[in-house]
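Trainee: Would you be able to build a 3D model of this:
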Amino acid sequence: MSHPHGPVILCVAITGSVPQKRDNPAVPITVAEQIESTREAFEAGASIAHCHVREDDGTPTSDPERFARLKEGIERACPGMIVQLSTGGRSGAGRERGGMIPLRPDMCSLSVGSNNFPTRVYENPPDLVDWLATEMTAHDVVPEIECFDLSHLWQAHALWRAGRLPTAPGASDPARPPYCQFVLGVRNALPAARHAFDAMLSAHRHLFGADAPWCAAGVGRHQAEVGDWAAAEGGHVRTGLEDNVRLDRERLAPSNAALVRRAAETAARHGRPIATPAEARAILGLRAA
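Mentor: Numbers count the residues shown, from 1 in each chain. Below is the predicted model of the structure:
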């Protein structure tokens, strides 16, 4: 018997811009390390790889050449996996943040509003958001809208209704709503509190309809808890060493794959199967691999 919510897409955020090997030796830094860590996570059930790149010393960068090598390596090692490249603000400034979009990955992340981060403002001015969205449209790249605040859902809705967000490549239905991810637990932004999650989910259903797919990510110690809420409520789940380097207070996570396996166990507890890459592509309206 199929679950009414259907399969869960597991996204693995493999490295991010912040964690270093001194935080957890399993954090993959070089392109080769990232490809191998992603392959293990793919075999554990992840169908989306959310990717950042680093200099060899661990410094974040937006270098398109590194992104190209990472994308190519993941596509070779993980057939069919959805490659999602980050346009986040820790690794570059202004239009530098979109330098990897012409590589035509399946997806790119897109933050549509500004908010506070632990030690700075995460700036996403409207003109930059519009340029990034235009670039994604030009290169057939589907955005994942990163929502760090309730207002970001309304901003995503306004952009969508205005036709400013790219639709799935070749999609016969331009009305397909954008794929939004609720990010909970970043200090000074949206807290990982159940009432905050419920507010985001309620607003998302109001704006985009009950059938529109969505995802949730919990940062740090909130990762497993937020994943549990998302799996229970019909959403998709993000996990990985970018957001959380630990299994629990006592133990570091030994790999991205270990965190993916834990997310898969959470989905199973709610009676939901893990989406294959082909199922994930169909759910998100992406082109075939």
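Trainee: got the residue ranges for the helices in the stretch 151-289 of the chain?
Mentor: Read by DSSP state H, counting those that start in this stretch, the stretch 151-289 of the chain holds these helices, from start to end of the chain: 194-208, 223-233, 256-269, 277-284.
Trainee: okay if I get the ones you listed as JSON lines plus mean neighbour count?
Mentor: All C-beta atoms are positioned from the backbone trio N, CA, C, and that covers glycine. Conversion of these to JSON lines gives the following (neighbours: other CB atoms under 10 Å):
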{"stretch": "helix 194-208", "mean neighbour count": "16"}
{"stretch": "helix 223-233", "mean neighbour count": "22"}
{"stretch": "helix 256-269", "mean neighbour count": "21"}
{"stretch": "helix 277-284", "mean neighbour count": "19"}
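Trainee: The ones you listed: which one's closest to Thr38?
Mentor: For the helices of the stretch 151-289 of the chain, proximity to Thr38 was assessed by CB to CB; helix 256-269 is nearest, at 7.2 Å.
Trainee: For the closest one, name the packing helices and strands.
Mentor: Other elements packing on helix 256-269 under the criterion 3 or more CB pairs under 8 Å, 6 or more residues apart in numbering; DSSP states H and E are strand 10-13, helix 31-43, helix 223-233, strand 236-239.
Trainee: hang on, the earlier thing: quick one, which of the helices of the stretch 151-289 of the chain is nearest to Thr134?
Mentor: Judged by CB to CB, the one of those that comes nearest to Thr134 is helix 277-284, at 20.5 Å.
Trainee: What are the buried residues along stretch 49-56?
Mentor: When burial is assessed from 16 or more other CB atoms under 10 Å, stretch 49-56 yields the following buried residues: Ala49, His50, Cys51, His52, Val53, Arg54.
Trainee: which of the residues you listed lies closest to His206?
Mentor: Taking CB to CB as the measure, His206 sits nearest to His50 out of the buried residues of stretch 49-56, at 26.5 Å.
Trainee: and that closest one, that one's in a strand?
Mentor: Yes: using DSSP: H, G, I helix; E, B strand; the rest coil, the secondary structure at His50 is a strand.
Trainee: so where's the stretch 151-289 of the chain uncertain?
Mentor: Under the criterion of pLDDT under 70, the regions of the stretch 151-289 of the chain flagged as low confidence span 167-174.
Trainee: 50 instead, please
Mentor: 170-172 (pLDDT under 50).
Trainee: mind listing the helices for the stretch 1-150 of the chain?
Mentor: Taking DSSP H, counting those that start in this stretch as the test, the helices found in the stretch 1-150 of the chain are 31-43, 64-77, 126-138, 150-161.
Trainee: Show me what the last one is in contact with.
Mentor: Pointing back at helix 150-161 there. Helix 150-161 is touched from outside by 111-113, 115, 129, 133, 145-147, 165, 177-178, 180, 190, 199-200, 203-204, 207-208, with contacts defined as CB atoms under 8 Å, 6 or more residues apart in numbering.
Trainee: Drop anything exposed from these.
Mentor: Among these, those buried by neighbour count (16+ other CB under 10 Å) are 111-113, 115, 129, 133, 145-147, 165, 177-178, 180, 190, 200, 203-204, 207-208.
Trainee: what's the most buried one of the helices of the stretch 1-150 of the chain?
Mentor: Ranked by mean neighbour count under mean count of other CB atoms under 10 Å, those are led by helix 31-43, which reaches a mean of 21.
Trainee: Taking helix 256-269 as reference, get the angle to that one.
Mentor: Angular relation of helix 31-43 and helix 256-269 on a 0 to 180 degree scale: 20 degrees, by axes from the mean of the first three to the mean of the last three CA atoms, to 10 degrees.
Trainee: what mean pLDDT would you report for helix 31-43?
Mentor: Average pLDDT, helix 31-43: 98.
Trainee: Asn244: what's it in contact with?
Mentor: So Asn244 contacts Gly218, Val219, Gly220, Arg221, Gln223, Ala253, Leu259 (CB under 8 Å, 6+ apart).
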